[in-house]
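[1] turn this into a structure:
(4 chains)
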There are 2 protein chains.
Amino acid sequence: MVILLSLFLIMPHQSLIHSIEQILPLTPGQKAILKEAFHTAEVKKKEVLLKEGEITKYSYFVVEGLLRMYATDDNGFDHNIQFAINGWWMSDMLSLLNQTPASFNIEAIEDSRLLTISQPGKESLLQTIPGLNIYFRQLSENALAAYQQRFAINLSLTAQERYGKLCERYPLLIQRLPQKHIASYIGVTPEFLSKMLNRPFNSK
Amino acid sequence: MVILLSLFLIMPHQSLIHSIEQILPLTPGQKAILKEAFHTAEVKKKEVLLKEGEITKYSYFVVEGLLRMYATDDNGFDHNIQFAINGWWMSDMLSLLNQTPASFNIEAIEDSRLLTISQPGKESLLQTIPGLNIYFRQLSENALAAYQQRFAINLSLTAQERYGKLCERYPLLIQRLPQKHIASYIGVTPEFLSKMLNRPFNSK
DNA sequence: CGGTCTCTTGACGGAGTTCAAAGCTAGTGG
DNA sequence: CCACTAGCTTTGAACTCCGTCAAGAGACCG
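    Coordinates of the predicted model:
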């Protein structure tokens, strides 16, 4: 794992190729095409990749680091929709697919190393390597499964239980997130999360 | 539209083929394969298609009617995750993909006419007609976009505003749903939704 | 009709919010 | 390496949205 990670630092595309090869084999020629289709990007902490209202140009694949996507409400408060760490994809799907103004912002929580591809770039890539439809299909299906589960959790459970589930499912992620971002993700205020975690007889 | 619907009543597969052909053309041979791969099913109101704990066998495509998928909490209360009307797909994705026990129930709200396909059936269909990967990829991507939007709504807005958004987006669906199912979908109790809708100076 | 399911209405309670202030931590520049 | 600032976390008190429980009124079947 450590060897793999250090390899990605030198050749970031390896991270993506590794992710794809979990699902379908790639020929050397296809790998070369992939390396051309994706551009690398390095972003600093707090750097903004997408602003609400812009048309989404790129899909982002996280090689290393941590991103968040969030909506801003009428009172100026953030609501985290999703996080993305190593090996995860991130995009405002509605804006990307329909080329409409984004309803979300995407921001780096840590210094991050990314691969980016434009929507036209992705479409022509899918024509060149049709097998990638399988990869992206499975990617979306898995994401869909996760969203369904998260909806069930958000509708059924209390804030305390939602926090517990999040710790269970993504223990490593929790450690890297400031508390206020966890609060926003599970749908409570930072103040309430703080009280919740510090209250006596806290079962979790 | 009326002509199309009555056609589907006689030949339910046409509904699915119509849905697929929005995205990619099909040869007569491929249409024949599709007709064999999917089985028709008719279910009565209140009939249960999937019970929590079972391994999901089928994906469902709604030709006509109305389904709901819901989770049941520890206190025995339902929480609607999703509805599906004509032309929509429905499945517990996690259970389907991993062949693990379902966390959701699927039930018909109205008498419905469905097409069903098993997971192995779907996989072999995708091998026979690889172009269908494009259809299912786009299907999942669109569903993902909708889930992201819904999460933003649920995290940012009050019950009143969530109800408003739902009416805006799916006005036809609202009319066919009992109020208690709308309440469960937007994450409030039926009692509260009733009070909300009947309170004076109600802007919506 | 008669029973079951759905919607309504009210009083009360509690989970989570708001606002404000103070302590703490971490990054930043001199 | 220390001082300063800005942002994060904590804590408290008042408040609100929404849930719970309970009882009654419709509405929809058989």
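[2] DNA strand D contacts on chain A?
    Contact residues (CB under 7 Å from any atom of the strand) of chain A with DNA strand D: A:178-180, A:190-191, A:193-195, A:197-198. The C-beta positions use only the backbone N, C-alpha and C, and glycine is treated the same way.
[3] same thing but 6 Å
    Contact residues, chain A versus DNA strand D (CB under 6 Å from any atom of the strand): A:178-180, A:190-191, A:194-195, A:197-198.
[4] could I get the residues you listed as a markdown table with neighbour count, pLDDT and secondary structure?
    Listed next are these as a markdown table, based on neighbours: other CB atoms under 10 Å in any protein chain shown; pLDDT from 0 to 100; DSSP: H, G, I helix; E, B strand; the rest coil:
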| residue | neighbour count | pLDDT | secondary structure |
| --- | --- | --- | --- |
| A:Pro178 | 10 | 97 | coil |
| A:Gln179 | 12 | 97 | helix |
| A:Lys180 | 15 | 98 | helix |
| A:Pro190 | 14 | 98 | helix |
| A:Glu191 | 10 | 98 | helix |
| A:Ser194 | 14 | 97 | helix |
| A:Lys195 | 11 | 97 | helix |
| A:Leu197 | 14 | 96 | helix |
| A:Asn198 | 8 | 94 | helix |
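[5] where does A:Asn80 sit: helix, strand or coil?
    When classified by DSSP: H, G, I helix; E, B strand; the rest coil, A:Asn80 comes out as strand.
[6] A:Val188 versus that one, what's the distance?
    12 Å (CB to CB, to the nearest Å).
[7] higher neighbour count, the two?
    Using other CB atoms under 10 Å in any protein chain shown as the criterion, A:Asn80 and A:Val188 rank with A:Asn80 on top: 24 against 20.
[8] so what's the more buried one up against?
    Counting by CB atoms under 8 Å, 6 or more residues apart in numbering or on different chains, A:Asn80 touches A:68-70, A:181, A:184-185, B:155.
[9] go with 7 Å
    Residues counted as contacts of A:Asn80 (CB atoms under 7 Å, 6 or more residues apart in numbering or on different chains) are A:68, A:70, A:181, A:184-185.
[10] show me what from chain A comes close to DNA strand C.
    Residues of chain A lying near DNA strand C (CB under 6 Å from any atom of the strand): A:158-160, A:188-189, A:191-192.
[11] counting neighbours, which of the residues you listed comes out on top?
    A:Val188 (20 neighbours).
[12] does it touch A:Ala159 like I think?
    Yes. Using CB atoms under 7 Å, A:Val188 is in contact with A:Ala159, at 4.8 Å.
[13] from the residues of chain A next to DNA strand C, which land in helices?
    The members of the residues of chain A next to DNA strand C that map onto helices under DSSP state H are A:159-160, A:191-192.
[14] wait, which of those residues is closest to A:Lys35?
    Minimum distance to A:Lys35 across those is 44.5 Å, recorded for A:Ala159 (CB to CB).
[15] what's near enough to touch the closest one?
    Residues counted as contacts of A:Ala159 (CB under 7 Å, 6+ apart) are A:186, A:188, A:192, A:196.
[16] recalculate using a threshold of 6 Å.
    The neighbours of A:Ala159, taking CB atoms under 6 Å, 6 or more residues apart in numbering or on different chains as the test, are A:Val188.
[17] one more: A:Met93?
    B:144-145, B:148.
[18] just to revisit the earlier point, the ones in helices among the residues of chain A next to DNA strand C: which two are farthest apart?
    Longest span within those, CB to CB: A:Gln160 and A:Glu191, 15.0 Å.
[19] now the residue most central in space within chain A, what's its secondary structure?
    With distances taken as CA atoms, centre = their mean, the residue of chain A nearest its centroid is A:Ala84 (2.7 Å). Per three-state DSSP, the secondary structure class of A:Ala84 is strand.
[20] please look at it and A:Phe61 and confirm they touch.
    No. Counting by CB atoms under 6 Å, A:Ala84 does not reach A:Phe61; the two are 8.7 Å apart.
[21] return the member of the ones in helices among the residues of chain A next to DNA strand C nearest to B:Glu42.
    For those, the nearest to B:Glu42 is A:Ala159 (42.5 Å; CB to CB).
[22] any idea how far that closest one is from DNA strand D?
    A:Ala159 is 12 Å from DNA strand D, where distance means CB to the nearest atom of the strand, to the nearest Å.
[23] ditto for A:Leu126
    Taken as CB to the nearest atom of the strand, the spacing of A:Leu126 relative to DNA strand D amounts to 38 Å.
[24] and the pLDDT at that residue?
    At A:Leu126, the model reports a pLDDT of 97.
[25] and for A:Phe77?
    Looking at A:Phe77, its pLDDT reads 95.
[26] same check on A:Arg199?
    We have a pLDDT of 84 for A:Arg199.
[27] got a PyMOL select line for the buried ones in the contacts of A:Asn80?
    The following PyMOL line selects those of those that are buried, judged by 16 or more other CB atoms under 10 Å in any protein chain shown:
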select buried, chain A and resi 68+70+181+184+185
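[28] and the contacts of A:Asn80 as a markdown table, adding distance to chain B?
    Shown next, in a markdown table, are the contacts of A:Asn80 (distance: CB to the nearest CB, whole Å):
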| residue | distance to chain B |
| --- | --- |
| A:Arg68 | 13 |
| A:Tyr70 | 9 |
| A:His181 | 13 |
| A:Ser184 | 8 |
| A:Tyr185 | 8 |
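[29] all set now, cheers.
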